[in-house]
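> Give me the fold of what follows.
(2 chains)
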Amino acid sequence: MTRAFFAILRRDLALALRAGGGAGIGVIFFLALVMVVPLAIGPDQKLLSQIGPAILWIGALLASLLGLDRVFGADAEDGSLDLLLLAPLPLEIIAFAKALAHWLATGLPLVIATPLLGLLLGVEMKALGATALMLLIGTPAIAFLGSIGAGLAASLPRSGLLIAVLIVPFTIPVLIFGTAATAAAVAEASLFGTAFKLLCALALFSFVIGPVAAAAALRIGRSA
Amino acid sequence: MPRTPRMKVSDLANPNRFLRLSRWMIPLFAVAALALLAYGFYLGFQAPPERDQGYMFRIMFVHVPSAWLALGVYTMMACAALGTLVWRHPLSDVAQKAAAPLGAAFALICLVTGSIWGYPTWGTFWEWDGRLTSMLVLFLIYLGIIALWRAFDEPLQAAKAVAILTLVGFINIPIVKFSVDWWSGLHQKASVFRLDGPTMHPVYLHPLLICALGFSFLFGAMLMLAMRTEIARRRVRTLTLFAAREAS
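Numbering: from 1, shown residues only, chains lettered A, B, ... in the order given. Next up, the predicted model:
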């Protein structure tokens, strides 16, 4: 079971990172988002450094929603999803492996890019670290919640924006407690514990509900 | 000895029986809704002005029932989603599909009337308070459900996919209900459905409950009408597919 799990993880990572995978697009989109915000707000350094962490969170959230239609969509097109459904491995484990691979290929680069993009916005060092660390917990939660939408859309011919519309309401708690924890880490240490623990709880919750719901959605897509 | 046929709940699963039953239940529900709403609004307009808001409270008789129904309709849809996934109930996905736009409409009415009520009393149309935000999220979830229904070609496949999304989205319902207790914002605390009984004065509470009942009957009538339309739509679709196969 472990071997099969890592085989799927390796396969998905290889597919995402090599030519045509498009793992880097998310980071480029993130950069583009961070670039347009100062253009719209104006080069007010003080204001930008103040709202910088929030902009980074929004950017990471939107960039995380980008590649979701490919998580199961590509497999559904070339028929490998049918092989995965026939495999002796539980579909929930497969969905977990694929969501994890998706996060490693698209979410982790966003976290790594966060400190660099934060410098563009003039965010202070302490806030930069806090934002990147909180995103390290928040982006997997978004990716695993997003896998539900990916599973639902696997049997759809055109799903692009639909997944984003379906998933955004469910990511709102992650955004609320993620930004709250980031702000508390910088300003008020006493409030940090609650928000941080709730963010961790949301991440753990998404690791369970995401694969289970995605697997149920995949079974339906194939059986009907 | 022949057994006398008795009506069972499971008999309602038969679309033909539902069509026969709903034909006379829709006008009945519609008349009940009109009568209750007329009486409720009449009582509401008789009620004395409130100490702080004057006559502003009257919008409550639309706002509060819409909010309750927005939550109630979603809960009903979650039950129907279970019916679709667990019992493969043939009418539950029809009910689920018909209820979604109605629930979205109630959520929107709740948000708009709340906004109109908020401006003179709170001094703002919108505040990012826990109750308002979670209600907006509920409205967004309704829109997502409607969009997902429209994305599929095959109604049975759509029903199951939407059922999963509906069940995952149910987590928002307790958040809306308890948001006023968890986060203190501008919105007032619960004053009707409380463990220690309602705190609202009966002169306002009675018309409110009558209006809520009236809106519920209105929802029932519109739901059955929408379900009949959906059943007819599916029959047309099946006949069209059948005719196309015959022709080829």
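> Remind me what the lowest-mean-pLDDT helix or strand in chain B packs against, helices and strands.
In chain B, the helix or strand scored least confidently by mean pLDDT, DSSP states H and E is helix B:172-182, which has a mean of 80. Under the contact definition 3 or more Cβ pairs under 8 Å, 6 or more residues apart in numbering or on different chains; DSSP states H and E, helix B:172-182 sits against helix B:60-86, helix B:130-151. All C-beta spots, glycine's among them, are computed from the backbone N, C-alpha and C.
> does the helix or strand just after it come close to chain A?
Next in sequence after helix B:172-182, counting helices and strands by DSSP states H and E, comes helix B:202-247. No - figure legend: helix B:202-247 not in contact with chain A (Cβ under 8 Å from any Cβ of the partner chain); closest approach 14.6 Å.
> For helix B:202-247, give the mean pLDDT please.
Helix B:202-247 shows a mean pLDDT of 91.
> show me the contacts for the residue nearest the centre of chain A.
Among the residues of chain A, the smallest C-alpha distance to the mean C-alpha position (Cα atoms, centre = their mean) belongs to A:A143, namely 3.4 Å. Taking Cβ atoms under 8 Å, 6 or more residues apart in numbering or on different chains as the criterion, A:A143 is in contact with A:S64, A:A99, A:H102, A:W103, A:T106, A:G107.
> ok, back up a step: between the helices and strands packed on helix B:172-182, which one is nearest to chain A?
Of all those, the one in closest proximity to chain A, counting by Cβ to the nearest Cβ, is helix B:130-151 (4.5 Å).
> Flag every buried residue along that closest one.
When burial is assessed from 16 or more other Cβ atoms under 10 Å in any protein chain shown, helix B:130-151 yields the following buried residues: B:130-146, B:148-149, B:151.
> and what of stretch A:9-29?
Under the neighbour-count criterion of 16+ other Cβ under 10 Å, stretch A:9-29 has A:L9, A:D12, A:L13, A:L15, A:A16, A:G21, A:G22, A:A23, A:G26, A:V27, A:F29 buried.
> neighbours of B:L102, just the number please.
Around B:L102 sit 20 other residues, with neighbours defined as other Cβ atoms under 10 Å in any protein chain shown.
> Now do the SS call for it.
Assigned by DSSP: H, G, I helix; E, B strand; the rest coil, the conformation of B:L102 is helix.
> Correct me if wrong: it contacts B:G220.
No - counting by Cβ atoms under 8 Å, B:L102 stays clear of B:G220, with 10.1 Å between them.
> which bits of chain B sit near chain A?
Looking at chain A, the residues of chain B close enough under Cβ under 8 Å from any Cβ are B:133, B:137, B:140-141, B:143-144, B:147-148, B:151-152, B:154, B:156-157, B:160-161, B:164-165, B:168-169, B:172.
> please redo it, this time with the cut-off set to 7 Å
Residues of chain B lying close to chain A (Cβ under 7 Å from any Cβ of the partner chain) are B:137, B:140-141, B:144, B:147-148, B:151-152, B:154, B:156-157, B:160-161, B:164-165, B:168.
> I'd like to know how far the residue most central in space within chain B sits from A:R10.
Chain B has B:V73 as the residue nearest its centroid, 3.0 Å off, counting by Cα atoms, centre = their mean. Computed with Cβ to Cβ, to the nearest Å, the distance linking B:V73 and A:R10 is 46 Å.
> now do A:L145
Computed as Cβ to Cβ, the A:L145 to A:R10 distance reads 24 Å.
> repeat for B:S248
B:S248 is 47 Å from A:R10, where distance means Cβ to Cβ.
> Count the neighbours of B:A244 for me.
One way to gauge burial is a neighbour count; for B:A244, by other Cβ under 10 Å, it gives 9.
> Actually, A:I209.
Neighbour number of A:I209 under other Cβ under 10 Å is 17.
> What average pLDDT does the strand or helix carrying A:F30 get?
Element membership for A:F30, per DSSP H and E: helix A:25-41. Per-residue pLDDT over helix A:25-41 has a mean of 88.
> now for whichever helix or strand comes after it, which elements pack on it?
Remark: after helix A:25-41, the chain's next helix or strand is helix A:45-64, criterion DSSP H and E. Taking 3 or more Cβ pairs under 7 Å, 6 or more residues apart in numbering or on different chains; DSSP states H and E as the contact definition, the neighbouring helices and strands of helix A:45-64 are helix A:25-41, helix A:108-120, helix A:125-153, helix A:160-186.
> Pick the most buried one from these.
When neighbours are counted by mean count of other Cβ atoms under 10 Å in any protein chain shown, the highest per-stretch mean among these falls to helix A:125-153, a mean of 25.
> got the angle for that helix vs helix A:160-186?
Put simply, helix A:125-153 runs at 150 degrees to helix A:160-186, going by axes from the mean of the first three to the mean of the last three Cα atoms, to 10 degrees.
> Poorly predicted segments of chain A, please.
A:19-22, A:223-224 (pLDDT under 70).
> How about the residues of it by chain B?
Chain A has residues A:148, A:152, A:155-156, A:159, A:162, A:165-166, A:169-170, A:172, A:209, A:213, A:216-217, A:220, A:224 near chain B, with proximity defined as Cβ under 7 Å from any Cβ.
> Next, count neighbours for B:E154.
Applying other Cβ under 10 Å, we find 10 other residues in the vicinity of B:E154.
> let me redo that: A:R70
Count around A:R70 with other Cβ under 10 Å applied: 18.
> Perfect, I'm done here.
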